[in-house]
Every structure is written in C-alpha cells, then in structure tokens.
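Participant: coords below, sequence missing:
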C-alpha cells in the first residue's frame, strides 16, 4: 500500500490541482483512513496594510495605490485598448502615452550582481552597469548558505532601484526592477557550458539557495517588492551546443522529481515573480509553448507571475526547429500558451499579424500581459512618486562604491571558497616565516568579467594583488610569472619558499573574444558551447607539473566556473583551493584563506568526476537514473557532492529524533551535537541525506533533505536541528499520476559532512 502526499485536496483546489487528487483511490474510503498532506498554498501576492487615499484624485482607479491589486489590474486591462495591449507583449514594456503608463525594462541580468550581456561588438560607450560583483553563481552555491544569497539578492535589488530611479526609455533602455535571475537550472552534466550560472546538481540545495536570493531581492516591505525576479530557464535546460534544436526528453519522474523541482520550490515557497522559458524542446515541444506551463506551473503550483520567452526563441522555433511554419504562428502560440513577454526583435509586425489572423484573441493577450502588469503593480511601478518604501532611493546614489559594499563582496566571496585538499597541514601559510612567494599562472593576475556580469566599482582584485596586499609590511618578496616561457615559472618556483599557481577556465573562452558559439579549446565552455573535456587545459596542467617538480611546497588555486577533472594535481600537489570567476574581491578572499585569516567552509555542489569518461550518458540524455549526479552515480568521484575541507576538525554525536517514527502528513526533527575539536574557529556544513533501502522502485542512492552551515569557535559545541517532512520522501508514480510515499518501508537518515562522509545513520519507520 502507498499513500499520496503533496497537496491539499480541498474542494476549492480539487478541480485544478492535478497532482493531489486526479485518479487513484477515494481518500475517504482508503484503507487506514490516511490523509493527504499540505505543504503550503500556491504563490500569493503580498498582503496590503491599511492605506488611505482619495479615489477622486486619480484619473483611473488603477493609479490608486490603496485599491486592491486585483481590482487595479482589472481596471488597467479594461482601460487599455487592444492596440495598446499588443505593444505590451514586447519584453521592453514600452510606454502607453494615452494613459501615462511608464516604460519598464523586464530584463536586467542579475545572476551575481547587476549586469548585461558582454557584447564585444557593441558600440563604444554602450551601457555597462557599475555594480557590486559577487562570484559566479556556481561559487555562490558552494557557500551552502541561503543567508549569503539573501545578501546578494538584497544588494541586487537596492542597486537596481538606484538605476531605475535614473529612468527607463521607451525601448526598455536602462535598468529595470524586474531582473533576470536566479538561474535554477540543474547541472545534470558538468560539461554544460553554462554551469557557471547554476547553484549545483541537487534540486533541494538549489531550491533553498534560490529562496534565499528571492528573500533578499523581494525585501521586507509587506506591500511593495524591492525588486522582482525572472527564474531561468524552464526547463530541463543544461546543454548548450545544440540547445536551439535539441529536445530534452524526460520521463515523468525525471521531470517531476528533478528538473522542475527547483522551479516549484521557487514558486511555491519563494513566491517567484516570473519564469523565462528555455530554448530547447521538452519531449518534442518547444519549452515556450509546452502545455506543462498551464497544466503544472499555473494549474498545480498556482503561479500568478509572468512567463517570458528567451531571446529570439520564436524565430528558432521556425528556423531551427521547424516546429511552426511562420513567425506569426510561433508568436501566436507563445501568447496563447501564456509566454506573454516576448524577447523578440521587431516583434510588433508578428504580434499584430497573429491578432489580425485570429491566432490570438484579446482574452489571450490579457492572460499573457496581465501577470507582467501584476508584477509591476507589486513593485510599486504605478504608485505615486511619494508612495511606497523605495521611492526615496535617489538616482545619484552609488551604493556599490561604499566601504560597506566592498566588505560585503569580500565576506560573500570568502564563504564560497572550497578547500579541496590540504595534505600535511600545508595551509594556512605563516606569513612570518615566508621570505619569498612565487605567484604563477594565467589566472594569477587577471579576474575576467563573465558574459552576464557588470562592472565593479574598482578594478577586480586579482590573486597576485591579494597576496601582495596580504604580505605588505613583511620582508617577503612576491615574484609574479605568467607562464613557463623560457623556464620563467620553474626558475621563480625553484627559488621561492612557496609557489602558488593560479589556473582555471576563461569564462568567455579567451581573448580576443571568439565568435559566438565557438571556443578555441575543447576544455572551455560558455553560453552556446558545451565542454568536450572536463579536465584542465593541457598547457595549464603542464605548468602545474613543471612547478611542482621543482618546489614541493606548491599550492594550486583553481579559478573555475565548473567542476574540473584535476586528478594529477590532487595526487601530486599538497594543497588545492577552488574559487569561481568574476568576483571583485577574489584576490583578497583567496589571500585571506591562504594565510589563515579566514577558515574556508565552502563545499562542492556537484559531483566532480575523474574524467568525462565517468559520465555514462551523452550531455543531451536527461535521464539521470542511468547513473549521473550523486543521486545515481555509482563510481568513485574525484570529489563527491557536498565535499569541502576546513582548517578545523568536527565531530558529530548524540543524534536524537523528536518522534520514534515519521508519520504521514507529519514531520520529524533530527537533532545532533557538532563539536569543533580543533584549536581554530571554523564553519561546518551539516548535511542530512535520506536513502531508501528495500524500496520497490528505483530511488536515488541518497537525496539531500536538509543542511545547515554553522560557525563554531575552537572547542565549542552546537546543537543542530534539521527537520524532515514525510512528503520530502515522495516519488512520482506515473501510474497514479501523483507523488506517493511507500507504505511500510523504513528509510535511513544519513548525517554527515558530505554525501560520501556520513557520520551518523538512523533508521526511521514511516507510518500512517
């Protein structure tokens, strides 16, 4: 016997929530009288506090900030003519002069700070926003800390408000307060060229990090959003080279349990505002017109935000996928399927053509633009100038240039750094005992802006600069060498007490910028290009080998946007540190870790395979049950999911449960003591996994179901509590068409420092 979990089956929801109540047994008559669980209602708008206004003061009711949001939206839609509505299908949301509706930009990049696509062919003087630049998203995920993401989101939201106060033109030029991010796509394969934009491979971790970002981005006001989001990219979107033509073919279990799970969390728990659909097809249908947008996202999850196509997606449905014969039909289908914001150049003729031909109705247009207008209401876009908590933010402010912003960037960057190896306590270095340091390598004296980054308020702090600053005031000599041409690197390394080699990828595939869709090396990847090899570029590996051969005190700093197969380095170099690209304080953060002023606590968020040959499927095969990600990979990884070292050591003890069993529609709290058994302060990431011994269906080897990053002083003990809900154990049953939990099966709780470093195991029976 199995019992269903996941959504309440109230009379009001029964008609629309397909997950909970479609098909299967009559719950009232089911053996044992088991109940359905309710993890929370659908995404909701923010509640409005008491408000006073004079309705007569406004030309139209939608301008009145004290009217209910739904009433304001209904009035605006009723006020707009069909011709005006058609113009609002454009992602730039131009002005509507007749009623004074302002323009808006629904497309400000905001993955790890405000940014814009790095087009090297753009005319001189093109706008490139100056803003606080945190490490790439792949690194932010390695912090395993949603509060870090809240900091990033709040920073992005405030800085977007400053730019928005400077104005948005009728073409969408300028920075809007509806941003593009976070990216909640999953790294099902590390060869994916846009791995840099993802938090990792696990849907629970990615969902929690996205929630943290959204909490900061949305702000704390009960009525008005600081800024709004657009989740990227729905769905099963983690291959680049063939993304314009390929179909991500996924069965219902992969789709429900894995590829859409992050979006569901961000919508239902993070109250996401918008979703950008992917270029690829999903099971043969372009993602932007997939029926799951209405059936699942709107119908089951209760999503009331807007959908957006990716740039020029409709053109690709015609030219590359041959799915529609004409652009009018492609755009008509996108509107009818509620992908209402069209990121499409010169879209007006096709929108008007689709309407004139009867491919879309005014009701379709209302359903498409209404959610985007709803989000604009929630940001206060149509409120009076003196109304709302964020109207006082001035266009002349430069919050990114403050000491506070610099300190924030440094703190976030340090929390992302992962210590991959530290044999014989090589690190931290003692600056009082070092006379010379050789700083070597292609990533040592450059920090490269990635494709969707912005401009930091001061030059990026490179690794070389960070080390120079750290050793200022000592007698240590810092020798910098780019490469080993003429034996320069080996000569410098041989004469130094310590050699620090900075290697890694180039986030835009090299300089000068290569043509779009190309990378000069199969070891590099980026948007539109997947990696073919996941190892370190041979010339860089040779450089490390040459340096290590002449100096046994060699440290490697891997500056990389994705996992890399560095087996030789792991076997032969005593210390390895990982940090991602494009953070403005990279050099200072790395130097703090190398010299012990900060104890690293970051952990990996993907499986680091030893070679691409360990990956059992092609990158376009989305069935992870065949043996990819830590859920199903049975091989030996170079570094497992959740792995990271510290200068401190930690012990886990005294596990306890709040109840002897886990009841259906209930939860259990797992408690444990974590003790810092070393003489230095440090951070530990306590991780809770679940495994399913004896399951009658194929289940993941283990699944992350809770985590907590805790800071412990030397010798201190903290009591950590993690909660597990019964519906966290559900799997998608295709025959029943809903999530089920196996009845009469025991699960194993696994608590540890990584997916392969389990310290405590607790069997728990799941009961009705």
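Facilitator: Nice, thanks for sending it over. Everything numeric here is computed off the predicted structure, so don't read it as measured data.
Participant: pull out the buried positions in the strand or helix carrying residue 159.
Facilitator: Here residue 159 sits within helix 146-164, counting by DSSP states H and E. For helix 146-164, a neighbour-count test (16 or more other CB atoms under 10 Å) marks 146, 148-164 as buried. Every residue, glycine included, has its C-beta placed from N, CA and C.
Participant: ok, now stretch 164-179?
Facilitator: Neighbour-count burial for stretch 164-179 flags 164, 165, 168, 172, 174, 175, 176, 177, 178, 179 (criterion: 16+ other CB under 10 Å).
Participant: do stretch 383-394 as well
Facilitator: Under 16+ other CB under 10 Å, the buried positions of stretch 383-394 are 383, 388, 390, 393.
Participant: same list (those) but as CSV, adding pLDDT.
Facilitator: Output for the buried residues of stretch 383-394, formatted as CSV (pLDDT from 0 to 100):
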residue, pLDDT
383, 94
388, 84
390, 94
393, 94
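Participant: and which of the residues you listed is nearest residue 226?
Facilitator: Ranked by distance to residue 226 (CB to CB), the buried residues of stretch 383-394 are led by residue 390 at 6.2 Å.
Participant: just checking, residue 728 touches residue 705?
Facilitator: Yes. In this structure, residue 728 is within contact of residue 705 by CB atoms under 8 Å, at 5.0 Å.
Participant: shared neighbours, those two?
Facilitator: Residues touching both residue 728 and residue 705 comprise residue 690, with contact defined as CB atoms under 8 Å, 6 or more residues apart in numbering.
Participant: show the subsequent helix or strand relative to the helix holding residue 159.
Facilitator: Toward the C-terminus, helix 146-164 is succeeded by strand 179-180 as the next helix or strand (DSSP H and E).
Participant: next one: that following strand to chain centre, how far?
Facilitator: Mean-position distance between strand 179-180 and its chain equals 12 Å (CA atoms, centre = their mean, to the nearest Å).
Participant: now swap in stretch 745-756 and tell me
Facilitator: With CA atoms, centre = their mean, you get 25 Å for stretch 745-756.
Participant: buried residues in stretch 545-562, which are they?
Facilitator: 545-548, 550-551, 553-562.
Participant: could you single out the nearest of those to residue 99?
Facilitator: Ranked by distance to residue 99 (CB to CB), these are led by residue 561 at 45.5 Å.
Participant: tell me which residues touch the closest residue to that closest one other than its chain neighbours, please.
Facilitator: Distance criterion CB to CB, 6 or more residues apart in numbering; nearest residue to residue 561, sequence neighbours excluded, is residue 196 at 3.5 Å. By CB under 8 Å, 6+ apart, the residues touching residue 196 are 136, 137, 138, 450, 507, 526, 561, 562, 580, 581.
Participant: give the burial count for residue 708, as a bare number.
Facilitator: 16 (other CB atoms under 10 Å).
Participant: with residue 323 instead?
Facilitator: Count around residue 323 with other CB under 10 Å applied: 17.
Participant: got a list of what it touches?
Facilitator: Here residue 323 is in contact with 281, 285, 286, 317, 330 (CB under 8 Å, 6+ apart).
Participant: please, which helix or strand holds it?
Facilitator: Per DSSP H and E: nothing holds residue 323, as it lies in no helix or strand.
Participant: ok, back up a step: take the buried residues of stretch 545-562 and keep only those in strands.
Facilitator: Judged by DSSP state E, the buried residues of stretch 545-562 include 554, 555, 556, 557, 558, 559 as members of strands.
Participant: pretty sure the third one contacts residue 544?
Facilitator: Yes. Shown here, residue 556 and residue 544 form a contact pair, counting by CB under 8 Å, at 6.0 Å.
Participant: check which helix or strand covers residue 668.
Facilitator: Secondary structure (DSSP H and E) places residue 668 in strand 667-676.
Participant: quick check: phi and psi at the nearest residue to residue 207 once chain neighbours are set aside.
Facilitator: Among residues not flanking residue 207 along the chain, residue 265 sits closest, at 3.2 Å (CB to CB, 6+ apart). Main-chain torsions, residue 265, degrees, to the nearest 10: phi -60, psi -50.
Participant: ok, now which ones touch residue 265?
Facilitator: 203, 204, 207, 208, 210, 211.
Participant: cutoff 7 Å now
Facilitator: For residue 265, the contacting residues are 207, 210, 211, by CB atoms under 7 Å, 6 or more residues apart in numbering.
Participant: before we move on, the earlier item: from the contacts of residue 196, which land in helices?
Facilitator: 137, 138 (DSSP state H).
Participant: show me where this structure dips below the pLDDT cut-off.
Facilitator: 1-49, 118-127, 172 (pLDDT under 70).
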